[in-house]
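*Asks:* Following is a predicted model, sequence given first.
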Amino acid sequence: MTPNDSVCFLHRNYGMVGLGEVTRFETDSPAAADVWWEALCDDLEHETEMPDAEATGPVAFGSFTFDPDRSSSRSVMILPKTIIGRWPGYSWLTQLSWDSITDDSPHQQSVPRPPG
């Protein structure tokens, strides 16, 4: 992961890391996020190394406020440019774009410094 511009979902020995950002959607409504996601998937170009494997296509990382009426923060969904995933039995790379997909792999990042 990078210090900025990355998101992740990890649990035990599996999960996904998202790098970069194609787009984001901020809302106060999970229903509005669902409509946004459906429309976005209709227009999105994506390529994965394992098209028949579960969870290897487009994935948005989301964080939803528990009570939007009592929070100044909004819910947000982020669609990353690159998803690197590991599931039981396989690993994959998915790249996302509005236009064409490049063959460039993600650049190796330096190891983040631990907090002081």
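*Replies:* Thanks, I have the structure now.
*Asks:* Going by C-alpha atoms from here, please, whenever you check contacts or count neighbours.
*Replies:* OK.
*Asks:* got the phi/psi numbers for Thr65?
*Replies:* phi -70, psi 140 (degrees, to the nearest 10).
*Asks:* What residues of stretch 61-75 count as buried?
*Replies:* Taking 16 or more other Cα atoms under 10 Å as the basis for neighbour counts, the residues of stretch 61-75 that come out buried are Phe61, Gly62, Phe64, Thr65, Arg74, Ser75.
*Asks:* mind checking the end-to-end distance for that stretch?
*Replies:* Using Cα to Cα, to the nearest Å, the gap from the first to the last residue of stretch 61-75 comes to 11 Å.
*Asks:* Same check on stretch 44-61?
*Replies:* 16 Å.
*Asks:* average pLDDT across that stretch?
*Replies:* On average, the pLDDT along stretch 44-61 is 74.
*Asks:* Direction included, what does the top strand by length along the chain pair against?
*Replies:* Scanning the chain for the longest strand, with DSSP state E as the assignment, gives strand 90-97. According to DSSP bridges, strand 90-97 has the following sheet partners: strand 45-48 (antiparallel), strand 82-87 (antiparallel).
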